[in-house]
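1. Return atomic coordinates for the entry below.
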Amino acid sequence: MIQKLFPLDKNYILRQAQSVLEEELIDRMVFELKRSYTFLFNPLRLMDPTYERILDTMDFPRDRVRLIYRQLCGIYRYKHGDNQLEFLFDGRSHSEKFQEDWSMALVEYVQKLGQHEPYVKTMLRMTVLFDNESRAAWSENNCKAFINQFFEVRVVKRLGELRLKVG
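-> Predicted coordinates:
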């Protein structure tokens, strides 16, 4: 494990807050995905077999959504990367504040992403419409690429180091 030089650094607290909310927010991501599908592809809410399957499916490979969740976590930390803690006068801890801020930001992220067909289709293929591993892997890669393009972030991997760059 990497030794933390500054255990009260904002990014450590933020990462911990994101980790605590992971399961709850993965469920929220899937809920928003189903809403996005409805608005984009079935605004009249006609019950066809596909729509019924999307609404009824609760069991799917969560690991795929977890990867997308963690990608969005990293983008958020990168875009809010200052490491200075602010003074809080409302009695909350920094962890509580970061959990609230992150929850709102993630919902906003997935709602904006949900306005785009490529995101909705790839997320559906790797979650509630999962049919085989190879199609899910292909969808996952396309989804990650779409998210990076959407947020104008480029991931650069060199010598075991991972960097995010804007533009």
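2. Can you give the contact residues for whichever strand or helix holds Asp27?
-> Secondary structure from DSSP states H and E places Asp27 in helix 22-41. Residues from elsewhere that reach helix 22-41 (C-beta atoms under 8 Å, 6 or more residues apart in numbering): 45, 51, 54-55, 60, 62, 65-66, 68-69, 102-103, 106-107, 110-111, 113-115, 117, 119-120, 123-124, 127-128. The way it works is simple: take the backbone N, C-alpha and C, and place the C-beta from them, glycine included.
3. 6 Å instead, please
-> Applying C-beta atoms under 6 Å, 6 or more residues apart in numbering, the external contacts of helix 22-41 come out as 54, 65, 69, 106, 110-111, 114, 120, 123.
4. Out of those, which end up buried?
-> Among the contacts of helix 22-41, those buried by neighbour count (16 or more other C-beta atoms under 10 Å) are 54, 65, 69, 106, 110, 114, 120, 123.
5. out of these, which are inside helices?
-> With DSSP state H as the criterion, helices contain 54, 65, 69, 106, 110, 120, 123 from among these.
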